[in-house]
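*Asks:* quick check, what structure comes out for this input:
(2 chains)
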There are 2 protein chains.
Amino acid sequence: MTTELIECVPNFSEGRDEAIITQIVAAITAIADVHVLDHSSDHDHNRTVVTVIGPPGAVIEAAFAGVRTAAQLIDLNAHSGVHPRIGAADVVPLIPLRDVSMETCVQLARDLGQRIAAELDLPVYLYENAALREDRRNLAEVRRHPYEKLKTSIQSDPACTPDYGPRHLGNAGAVAVGARGPLIAFNAYLDTDDVAIAQSIAVAVRESGGGLRYLKALGLLVDGQAQVSMNVIDYRQTGLYTILERVRAEAAKHGRTVTHTELVGLVPQAALLDAALAYLGLPSTVRDLTLERRIGAATGDFREVMFE
Amino acid sequence: MTTELIECVPNFSEGRDEAIITQIVAAITAIADVHVLDHSSDHDHNRTVVTVIGPPGAVIEAAFAGVRTAAQLIDLNAHSGVHPRIGAADVVPLIPLRDVSMETCVQLARDLGQRIAAELDLPVYLYENAALREDRRNLAEVRRHPYEKLKTSIQSDPACTPDYGPRHLGNAGAVAVGARGPLIAFNAYLDTDDVAIAQSIAVAVRESGGGLRYLKALGLLVDGQAQVSMNVIDYRQTGLYTILERVRAEAAKHGRTVTHTELVGLVPQAALLDAALAYLGLPSTVRDLTLERRIGAATGDFREVMFE
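*Replies:* Down below sits the predicted model:
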C-alpha cells in the first residue's frame, strides 16, 4: 500500500475574528482529498494554526487557497498580537509523512513559493530545508524583522530581499514557505512559580545554550506555574525521554521537580513509543513487536487493538 | 469499519520434533482467513507457542485443527520438559482484540471446549474468564496436577473432574481452554548474578505476595544475570511504568539497579503508549492526540507515520 501523504501547518495572523477564520478554514477544506485534522486560534497571539493532510498535490492546492484567502481578508496594518509575524499567511511549512521524501517536500515548497509570488504578488521567503540561502534555514532569522519593520527593510536591506516576489510589502505582508520534519511542542511544569528557574533550565537544556541538539527552549510563567516551554525539532535525534531526564536533572540543581508535562498539538506516535522504550530500557527493535504492527502487516488493518 | 478480530495463543507440548511442529502449524495455517503472527518453540520446555489471529469463526476452526493434530501426533507418555503440562494441546486461550466482547470469547471458549470433548474425546478444563468453577479461574490451579499425576487424580479426585469430556486420560492428555485479555511477558534484569535478590524482589512485587495487582513474578538466573520474570495479567490495570518503578524501588533496597528489560512475544501498542504517558506525566487523553489516530480517523489508514 503506497499512499503519498504530506502535512501542512499554515499559521495565519488572525485569531479573533471568527468570520475571517471560518473563511480561511473553509477555503482549505474545500479542496478535494485533504483533511483538516485540527485548527486552533489564540486570542493573545491573534493567530490561527491549521493542520491539513492529504496527497501532496491536494495539500499544495489547499495551502495556496488558504494563503490567497488570508491575503485577501487580513490587513497587517490593523493587526496586533504578541507573536512575531511578517504576513497574513505568516508561515507555511510542508512536512513529509508517508512515501514522500524531504527532497520532494523541498521542491513542493519552492514551487508553492513561486506560485504565491507570481499569482498573488506577495514576497516569499523560503526556510528550513527549503531555504535557498543558508541564513534563512532558521525561521527565527526570517522573522527577525516583523511586518512593520520589514516594510522598509525589504527595500533597503539586502538581507531582507525575498527569494521570490516583489521587494515591497502590501497589506498582506510576506509569506515564509518551508519544508521540515514533524515538530513537537513539549512543555515541562516545575513545582515553583519562580520563572527565573524555568529560564535558567531552558538556557541549560537548549541547543543554543550548549545543551541538547534539536531542542529550543524558553522559561515562562503559565497560570502561576513555572514552565520550560520547548520545541523538539527532530524527535528521532533527541527524544522526549532524553529531554525530560535532562530537564529533571537541571531542575534538581535548583531543588525543584517536574510536576507534569504537556504536548501541544498532534504528536507522531513514534515519539511516544520511543520514550516508552527508552524509559523501559528496551531496544528499538521492540517497536516491531507490537501486536498492531504484526496484525497490520498480516491484514492491512493497522488500527489499534482495543480489547473489550 | 467493523472487523471482529480475536487472537488464540495455543501452547503445544512439543518443542523439539520439527516434523510434528510443522504439521501442527500447517493445520492451523490451512484455515482460511486466519494469520499466524508468530510461532516459537523452546527445546528445554519442549513446547511450542503459536499466535494466530482472525475473525472468531476462523480462529476457532484453526484452534480446533491445531488441537486435533497435536492430539494425533503427540504422546504425553513419551514427553519430557521443564514446563508443567496436562496435554498435547496444553492450553488454548482466546483473547478478544477488536469489536468482540469478553463475553463472546467466553462463549466461544466454552463451545470450543464442548466440541473438543465431543469430537476428539478429550477431557477439557475451562479457565480464567471462561471458567465454570471459581477454583479454575487461575490456570495454575488447573495445571496443579501434571499429566502423570492427573492420570489417576482425574478419576479419584472430584477437584479434577473435567468440565467436559471423559474422566480418563489417553496419550494426548487433557486440554485447558480459556478466555482472557492480552498477557504481557515482561522481564527486568538486575546488575547482579544473585538469584536470591531477584526472587526476593519477585515476592515483593507480585500480587500473591501482597504487591501489585494483576502481576505474577518469579526470580530466575538467565545467562548469568538475575532476572525478575513477570507476567502482566491486565496491563490496563497495572501498567509497565508502575511495575518497573516498583521493581526499581525493591532493587534499590538491595543496592541493585535494573540494567534493562525484555518483552517476550507481542505486546499491545497501548501498553507502550501508556508507559510513555505515565513516565512523561501526561494525561491519558494524549493518546487521542497522535498524528496517527487523527489521520486514521480522517482517512481510514492507521499506519504509523514514517516521515522520510
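*Asks:* can the host helix or strand of A:Ala297 be found next to chain B?
*Replies:* Taking DSSP states H and E as the definition, one finds A:Ala297 inside helix A:291-299. Yes - Helix A:291-299 lies within reach of chain B by Cβ under 8 Å from any Cβ of the partner chain, at A:291-296, A:298-299. (C-beta placed from N, C-alpha, C; glycine too.)
*Asks:* nearest spatial neighbour of A:Ala159, skipping sequence neighbours?
*Replies:* A:Asp135 (7.2 Å; Cβ to Cβ, 6 or more residues apart in numbering or on different chains).
*Asks:* before we move on, back to that, of the residues of helix A:291-299 next to chain B, buried ones?
*Replies:* For the residues of helix A:291-299 next to chain B, a burial check counting by 16 or more other Cβ atoms under 10 Å in any protein chain shown picks out A:291-296, A:299.
*Asks:* for the helix or strand harbouring A:Leu37, packing partners?
*Replies:* Remark: A:Leu37 resides in strand A:35-42, with elements defined by DSSP H and E. Applying 3 or more Cβ pairs under 8 Å, 6 or more residues apart in numbering or on different chains; DSSP states H and E, one finds that strand A:35-42 contacts helix A:18-29, strand A:47-54, helix B:291-299.
*Asks:* where does pLDDT dip in chain A?
*Replies:* Along chain A, segments meeting pLDDT under 70 span A:1-2, A:307-308.
*Asks:* is the strand ranked longest in it anywhere near chain B?
*Replies:* Using DSSP state E to assign secondary structure, the strand with the most residues in chain A is strand A:89-98. Yes - judged by Cβ under 8 Å from any Cβ, strand A:89-98 and chain B are in contact via A:95-98.
*Asks:* one step back: how distant is the helix holding A:Ala297 from the center of its chain?
*Replies:* 31 Å (Cα atoms, centre = their mean, to the nearest Å).
*Asks:* got it, and stretch A:168-175?
*Replies:* Centroid separation for stretch A:168-175 versus its chain: 21 Å, with Cα atoms, centre = their mean.
*Asks:* between the two ends of that stretch, what distance do you get?
*Replies:* This stretch, stretch A:168-175, spans 12 Å end to end (Cα to Cα, to the nearest Å).
*Asks:* thinking again about what came up before, among the helices and strands packed on strand A:35-42, which comes closest to B:Gln269?
*Replies:* For these, the distance to B:Gln269 is smallest for helix B:291-299, at 9.9 Å, taking Cβ to Cβ.
*Asks:* tell me the bridge partners for A:Ala185.
*Replies:* Applying DSSP bridges to A:Ala185 gives these bridge partners: A:Asn231, A:Val264.
*Asks:* my guess is it meets A:Thr261, correct?
*Replies:* No - if you go by Cβ atoms under 8 Å, A:Ala185 and A:Thr261 don't touch, sitting 10.9 Å apart.
*Asks:* neighbours around A:Gly173, how many?
*Replies:* A:Gly173: 28 surrounding residues under other Cβ atoms under 10 Å in any protein chain shown.
*Asks:* looks like it contacts A:Glu148 (just checking).
*Replies:* No - A:Gly173 is beyond contact range of A:Glu148, at 9.7 Å (criterion: Cβ under 8 Å).
*Asks:* between A:Ala185 and A:Thr261, which is the more surrounded one?
*Replies:* Counted by other Cβ under 10 Å, A:Ala185 and A:Thr261 do not tie: A:Thr261 has more neighbours, with 22 against 15.
*Asks:* pretty sure that one contacts B:Ala278?
*Replies:* No - A:Thr261 sits out of contact with B:Ala278 when judged by Cβ under 8 Å, with a separation of 11.4 Å.
*Asks:* turn the helices and strands packed on strand A:35-42 into a markdown table, including distance to B:Glu141.
*Replies:* Output for the helices and strands packed on strand A:35-42, formatted as a markdown table (distance: least, Cβ to Cβ, whole Å):
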| stretch | distance to B:Glu141 |
| --- | --- |
| helix A:18-29 | 59 |
| strand A:47-54 | 52 |
| helix B:291-299 | 40 |
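*Asks:* just so I know, which of those lies nearest A:Gly165?
*Replies:* Evaluated over those, closeness to A:Gly165 peaks at helix A:18-29, with 20.4 Å, by Cβ to Cβ.
*Asks:* quick one, strands of the stretch 101-250 of chain A?
*Replies:* Under the criterion DSSP state E, counting those that start in this stretch, the stretch 101-250 of chain A contains strands at A:124-128, A:175-179, A:184-190, A:215-222, A:225-232.
*Asks:* partners of the second one in the sheet?
*Replies:* It refers to strand A:175-179. strand A:89-98 (parallel), strand A:124-128 (parallel).
*Asks:* out of these, which gets nearest to B:Gln227?
*Replies:* Nearest of the strands paired with strand A:175-179 to B:Gln227, taken as Cβ to Cβ: strand A:89-98 at 38.9 Å.
*Asks:* how far off helix A:18-29 does that closest one point, in degrees?
*Replies:* Interaxial angle of strand A:89-98 relative to helix A:18-29 (axes from the mean of the first three to the mean of the last three Cα atoms, to 10 degrees): 30 degrees.
*Asks:* any chance of the strands paired with strand A:175-179 in JSON lines, plus mean neighbour count?
*Replies:* Supplementary listing: the strands paired with strand A:175-179 in JSON lines, determined by neighbours: other Cβ atoms under 10 Å in any protein chain shown:
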{"stretch": "strand A:89-98", "mean neighbour count": "26"}
{"stretch": "strand A:124-128", "mean neighbour count": "27"}
